[in-house]
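Student: Here you go, sequence then predicted model.
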Amino acid sequence: MVLHRIKLPLATINGSGFTAKYFYSLIKKGDFPPQIKLGRSSRWLLREYSEWKTRLIERRDTKMPLK
């Protein structure tokens, strides 16, 4: 069994500077990993969030336009 760390949405939003609305628009476009629903709450895997941030940095460093 593989255990994954789950990141809370508020921590995700505060850590990035983006709003919840922005994240949900990225999910809809397929540019951000979909949330995991736990009851009425939404969570994201810390690994997937970290990979997303790494891709943003790589795009910036290679001067590729963001979607």
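Tutor: Received it, and whenever you're ready, just let me know what you need. Residues are numbered from 1 along each chain as shown.

Student: buried set for the strand or helix carrying Arg47?
Tutor: Following DSSP states H and E, one finds Arg47 within helix 46-61. The neighbour-count check on helix 46-61 (16 or more other Cβ atoms under 10 Å) flags 48-49, 52 as buried. For the C-beta atoms, the positions are set from N, CA and C on the backbone; glycine is no exception.

Student: Sketch out the low-pLDDT regions of the protein for me.
Tutor: 1-3, 8, 10-14, 64-67 (pLDDT under 70).

Student: Quick one: the strands in it, in order.
Tutor: The residue ranges that make up the strands of the chain, judged by DSSP state E, are 6-7, 36-38, 41-45.

Student: which helices and strands does the second one pack with?
Tutor: In other words, strand 36-38. Where contact means 3 or more Cβ pairs under 8 Å, 6 or more residues apart in numbering; DSSP states H and E, strand 36-38 is packed against strand 41-45.

Student: can you redo the strands of the chain as TSV with mean neighbour count and distance to Ser25?
Tutor: Formatted as TSV, these follow (neighbours: other Cβ atoms under 10 Å; distance: least, Cβ to Cβ, whole Å):
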stretch	mean neighbour count	distance to Ser25
strand 6-7	16	19
strand 36-38	10	18
strand 41-45	17	14
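
Student: Phe23: which of those is closest?
Tutor: strand 41-45 (8.7 Å; Cβ to Cβ).

Student: how about the CA coordinates for the closest one, as PDB?
Tutor: This file holds the C-alpha atoms of strand 41-45, laid out as PDB (Å, rounded to 0.1, in the frame of the first residue of the first chain):
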ATOM      1  CA  SER A  41     -14.000  18.800   1.300                       C
ATOM      2  CA  SER A  42     -11.500  18.800  -1.600                       C
ATOM      3  CA  ARG A  43      -7.800  17.900  -1.200                       C
ATOM      4  CA  TRP A  44      -4.800  17.400  -3.500                       C
ATOM      5  CA  LEU A  45      -1.900  15.100  -3.300                       C
END
